[in-house]
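**Student:** model the following, please.
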Amino acid sequence: MATTFHVVGTQAYVVAKRNTTNLVQFLGAPKPERDDPVLCHGPEATSQYSDPIAACLSSDRSDEKPNILFTLGDSHAAQLTYMLSEASQTTPYQVRFINTADRLDPPYCFFSDKTCKDSSVYQATLEKVKENDIVFFTFLSGHLNNKLVSNIPLDVEVKPNQREENLISSLNNFAQELRERKAKLILALDVPLLNLEKGSVESCAVQQRLFDTDDCRVDIDQTIHTRTRQERAFTKVMGLNENVAVWDAAKAVFEGNKIISAFDAEGKYRYLDSNHITQHQSVKLVDDFKKQILNSQSQNRRLLPDQPERPQDRQGFSAEG
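**Tutor:** Predicted coordinates for the structure are as follows:
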């Protein structure tokens with residue numbers, strides 16, 4: 001009887017996977033809560049200002065908040081501004097953020113061989129940054145891979161590529177510029193990428209409700225493997241510059257667990273889609289960021305935590321060029 005039930009359950013799960021849109025409508029799976037708008041995120045937001053850089057990267061300072069935490073990157077950096085704003089409330093830092101989505105600006109210019117020399121955002125940051133300021137930088141790790149929002153199979157070797165090499169060179173130059181200004185650079189390893197190339201987080205909620213499992217789930221080994229190029233580049237730059245630290249956003253999301261899905265133990269959504277965390281999840285990272293970074297300003301750099309053996313350290317795999 002148990003075997004029959006297992007087979008039937010498996011068949012039902014397969015059917016559910018093929019009909020998730022209908023199941024979501026039928027069972028009424030809730031949508032993720034709408035996040036608060038992120039100022040200066042994207043062309044539409046920045047176009048509201050006559051001078052976006054002056055408005056978004058304002059260098060106004062106060063006695064209470066004499067330092068600025070400049071935040072650069074893509075939409076993944078935008079989602080972490082919720083965390084940064086909360087974490088910096090009781091510190092001397094005020095958060096500034098801009099994402100123009102222009103290919104001449106960060107993060108995209110860091111992947112080219114021009115070292116951001118034509119980026120107005122990059123140049124303005126260097127002009128505005130002062131002693132004891134922090135620049136926080138992150139991006140979707142898939143920008144360095146062959147596929148933007150797909151996890152790399154564990155049996156595929158992740159070889160260095162030109163974008164990774166350009167990133168190392170560009171970030172090293174950036175770190176040196178910041179060191180001359182007595183400022184620090186925080187490189188944030190990307191959040192986990194769910195195994196959700198099709199469907200939605202709502203469909204995973206339905207699967208979880210019916211079968212106690214879902215297609216969104218991803219484990220920490222897969223996450224570490226997929227972000228290999230980003231971690232390799234960040235670690236290299238940190239090793240070359242004493243004013244650089246690396247913060248592991250993915251480790252903070254896992255919260256000591258080996259597997260996560262689209263929603264947390266509270267039943268709230270961690271993710272808006274396969275790769276963007278919710279405001280709720282972002283704020284949950286505050287304590288880890290404060291402990292690892294903001295409360296450790298006397299520590300020039302922090303080593304990455306011990307990681308499990310990487311698949312590329314073992315024999316018998318193909319390669320992602």
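
**Student:** how far off centre is stretch 78-88?
**Tutor:** 12 Å (CA atoms, centre = their mean, to the nearest Å).

**Student:** what sits up against that stretch?
**Tutor:** In this structure, residues lying in contact with stretch 78-88 by CB atoms under 8 Å, 6 or more residues apart in numbering are 35-36, 38, 41, 69, 71, 94-95, 97, 99, 136, 138, 188, 191, 249, 276-279, 282-283, 285-286, 289-290, 294. Just so you know, the C-beta spots here come from the backbone N, C-alpha and C atoms, and that holds for glycine as well.

**Student:** buried ones from those residues, can you make that a ChimeraX selection?
**Tutor:** Listed next is the ChimeraX selection for buried residues among the contacts of stretch 78-88, using 16 or more other CB atoms under 10 Å:
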select :35,38,41,69,71,94,95,97,99,136,138,188,191,249,276,277,278,279,282,285,286,289,290,294
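
**Student:** from the contacts of stretch 78-88, which land in helices?
**Tutor:** By the criterion of DSSP state H, membership of the contacts of stretch 78-88 in helices covers 249, 279, 282, 283, 286, 289, 290.

**Student:** and the pLDDT at the last one?
**Tutor:** Looking back up the chat, that one is residue 290. Reading off the confidence values, residue 290 has pLDDT 95.

**Student:** residues in contact with it?
**Tutor:** Contacts of residue 290 (CB under 8 Å, 6+ apart): residue 87.

**Student:** quick one: low-confidence residue ranges for the stretch 201-321 of the chain.
**Tutor:** Within the stretch 201-321 of the chain, the segments meeting pLDDT under 70 span 297-319, 321.

**Student:** can you give me the helices in it?
**Tutor:** Along the stretch 201-321 of the chain, counting by DSSP state H, counting those that start in this stretch, helices occupy 201-211, 220-226, 228-240, 249-254, 279-283, 286-292.

**Student:** what's the closest of the ones you listed to residue 173?
**Tutor:** Comparing the helices of the stretch 201-321 of the chain against residue 173 with CB to CB, the closest turns out to be helix 228-240 (9.8 Å).

**Student:** could you list the buried residues of that closest one?
**Tutor:** By neighbour count on 16+ other CB under 10 Å, the buried set for helix 228-240 is 228, 229, 230, 231, 232, 233, 234, 235, 236, 237, 238.

**Student:** tabulate the CA atom coordinates of that helix in PDB.
**Tutor:** Provided in PDB are the C-alpha atoms of helix 228-240 (Å, rounded to 0.1, in the frame of the first residue of the first chain):
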ATOM      1  CA  THR A 228      32.500  30.400  -8.200                       C
ATOM      2  CA  ARG A 229      33.800  33.200 -10.500                       C
ATOM      3  CA  GLN A 230      32.400  35.900  -8.400                       C
ATOM      4  CA  GLU A 231      33.900  34.500  -5.200                       C
ATOM      5  CA  ARG A 232      37.200  33.800  -6.900                       C
ATOM      6  CA  ALA A 233      37.400  37.400  -8.100                       C
ATOM      7  CA  PHE A 234      36.300  38.900  -4.800                       C
ATOM      8  CA  THR A 235      38.800  36.800  -2.800                       C
ATOM      9  CA  LYS A 236      41.600  37.700  -5.100                       C
ATOM     10  CA  VAL A 237      40.900  41.400  -4.800                       C
ATOM     11  CA  MET A 238      40.600  41.100  -1.000                       C
ATOM     12  CA  GLY A 239      44.000  39.400  -0.900                       C
ATOM     13  CA  LEU A 240      45.600  42.300  -2.800                       C
END
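
**Student:** mind checking the SS state of residue 186?
**Tutor:** Secondary structure assignment for residue 186 (DSSP: H, G, I helix; E, B strand; the rest coil): strand.

**Student:** could you find the closest non-adjacent residue to it?
**Tutor:** Using CB to CB, 6 or more residues apart in numbering and skipping residues adjacent in sequence, the residue nearest residue 186 is residue 136, 4.7 Å away.

**Student:** the one you found contacts residue 188, doesn't it?
**Tutor:** Yes. The criterion here is CB atoms under 8 Å, and residue 136 meets it with residue 188 at 6.5 Å.

**Student:** what about residue 85, how many residues nearby?
**Tutor:** If you count neighbours by other CB atoms under 10 Å, residue 85 ends up with 19.
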